[in-house]
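Colleague: curious how this folds, go ahead:
(one chain, ligands or ions: 1)
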Amino acid sequence: MQIIDGKGTAATIRAELKAQVAAITALGTRAPGLAVILVGEDPASQVYVRNKVRACAEVGIHSLHYELPASISQQELLDLLAALNSRDDVDGILLQMPLPKGLDGNACLAAIDPAKDVDGFHPINVGRLSQGLPCFVSCTPAGVIELLRRYNLSPAGKKAVVVGRSNIVGKPLAMLLARNDAFGNATVTVCHSATPDLAAECREADFLFLAMGKPEFITADYVKKGAVVIDVGINRTEEGLRGDADFDAVCQKVAAITPVPGGVGPMTIAMLMKNTVQSWQTRLPKA
Ligand code: NDP
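Modeller: The predicted model follows:
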């Protein structure tokens with residue numbers, strides 16, 4: 001049984017990006033720039049933003065960090081996004097979700113220039129993903145595919161089951177797994193709370209992806225012997241962070257599994273860094 005080390009893989013990706021950025025900035029070009037916007041004082045969002053700003057520093061990305069009061073108006077936020085859209089030194093714009101009550105998150109995401117939408121949430125990027133066109137892919141599903149790629153665990157020709165259909169994880173992950181790609185080409189089933197027999201669906205999976213937000217819900221009974229289990233769930237419990245899988249029981253049965261913490265979680269920020277560096281390389285003036 002193989003434990004898929006997302007923490008180590010994310011560190012490797014950050015080191016690769018750092019080397020890439022250093023090699024290009026050594027020629028005299030500006031560093032990549034990522035604007036990170038936090039509205040309000042949600043403690044979990046504050047931690048995420050702090051981790052994103054720290055990762056930027058490690059990779060050599062210049063981060064512009066905006067901490068705005070929850071009382072900011074929709075128009076003020078839209079004005080800031082418009083200003084960042086037009087700045088040449090900003091390659092990516094990240095608006096930390098969820099926004100406080102009274103602000104329209106979807107309208108704000110749609111106001112970000114799709115070419116700077118490094119979180120991959122703009123409707124243009126979501127639409128391009130569904131059409132199999134080049135686009136920014138949202139960071140958690142992109143991180144899942146990157147982990148499969150780096151561990152050479154291809155779902156091609158296999159049966160994949162995704163539990164969860166959210167816009168930020170389940171749905172884009174299902175689209176990536178179904179696309180015509182060496183680390184796609186799976187036959188994908190998407191499950192949700194209206195799925196009649198979740199255990200039976202999951203037991204069919206050669207690759208089982210969990211994005212439910214239900215601590216240790218998936219027991220060994222849900223898992224086919226020799227399956228690959230990718231656990232996206234991050235659930236705070238009194239015993240600490242737990243995934244959607246009952247790790248100790250499930251790992252007895254599987255070929256490979258991601259732990260929580262240290263699995264998919266760290267990959268999300270690594271993919272944000274990757275998307276930002278990619279945007280920067282595309283936007284740099286060509287010699
Ligand atoms: P959502 O709450 O938006 O979606 C949960 C999905 O799971 C829904 O589609 C829901 O179905 C489905 N679901 C819930 N309970 C059941 C059940 N008993 N049987 C079948 N389906 C069920 O969560 P997110 O997608 O935002 O996040 C999922 C998990 O991933 C969370 O633990 C979150 O913390 C974690 N996460 C981790 C990230 C990372 O690694 N960096 C990033 C984002 C999320 P329905 O649609 O019918 O309600």
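Colleague: distance of Pro266 relative to Thr9?
Modeller: Between Pro266 and Thr9 the computed distance is 8 Å (Cβ to Cβ, to the nearest Å). (Each C-beta comes from the backbone N, C-alpha and C, glycine too.)
Colleague: ok, Ile124 next?
Modeller: Distance check for Ile124 against Thr9: by Cβ to Cβ, it reads 29 Å.
Colleague: compare neighbour counts for those two and give me the winner.
Modeller: Neighbours per residue (other Cβ atoms under 10 Å) separate Ile124 from Thr9, with Thr9 holding more: 21 against 16.
Colleague: ok, that one - contacts?
Modeller: Counting by Cβ atoms under 8 Å, 6 or more residues apart in numbering, Thr9 makes contact with 146-147, 150, 266-267, 270.
Colleague: next one: Asp244
Modeller: If you count contacts by Cβ under 8 Å, 6+ apart, Asp244 has them with 163, 210-218, 231-233, 235.
Colleague: do the same with Val163
Modeller: Going by Cβ under 8 Å, 6+ apart, Val163 touches 170, 191-192, 198, 202, 208-212, 218, 244.
Colleague: ok, and which of the residues you listed reach the ligand?
Modeller: Among the contacts of Val163, proximity to the ligand is found for 170, 191-192, 198, 211-212 (Cβ under 6 Å from any ligand atom).
Colleague: show me these that map onto strands.
Modeller: Cys191 (DSSP state E).
Colleague: filter the contacts of Asp244 down to just the ones in strands.
Modeller: Per DSSP E, strands hold the following members of the contacts of Asp244: 163, 210, 231, 235.
Colleague: still on that earlier bit, give me the buried subset of the contacts of Val163.
Modeller: 170, 191, 198, 202, 208-212, 218, 244 (16 or more other Cβ atoms under 10 Å).
Colleague: what residues are up against the residue positioned nearest the centre of the chain?
Modeller: Note on the chain: the residue nearest the mean C-alpha position is Thr140, at 1.7 Å, using Cα atoms, centre = their mean. By Cβ under 8 Å, 6+ apart, Thr140 lies in contact with 168-169, 173, 232, 264, 267-268, 271.
Colleague: tell me the SS of it?
Modeller: Under the three-state scheme (DSSP: H, G, I helix; E, B strand; the rest coil), Thr140 adopts helix.
Colleague: over to Ile93?
Modeller: strand.
Colleague: go on, Leu208?
Modeller: Assigned with three-state DSSP, Leu208 falls in the strand class.
Colleague: report the contact partners of it.
Modeller: Leu208 makes contact with 160-161, 163, 202, 218, 222-224, 227-230, according to Cβ under 8 Å, 6+ apart.
Colleague: skip the chain neighbours and tell me the closest residue to it.
Modeller: Spatial nearest neighbour of Leu208, chain neighbours left out: Val229 (4.9 Å); criterion: Cβ to Cβ, 6 or more residues apart in numbering.
Colleague: give the bridge partners for that neighbour, please.
Modeller: The bridge-partner assignment for Val229, based on DSSP bridges, gives Leu208, Ile257.
Colleague: I'd assumed Gly263 was in contact with it.
Modeller: No. Assessed by Cβ atoms under 8 Å, Val229 is found out of contact with Gly263, at 9.8 Å.
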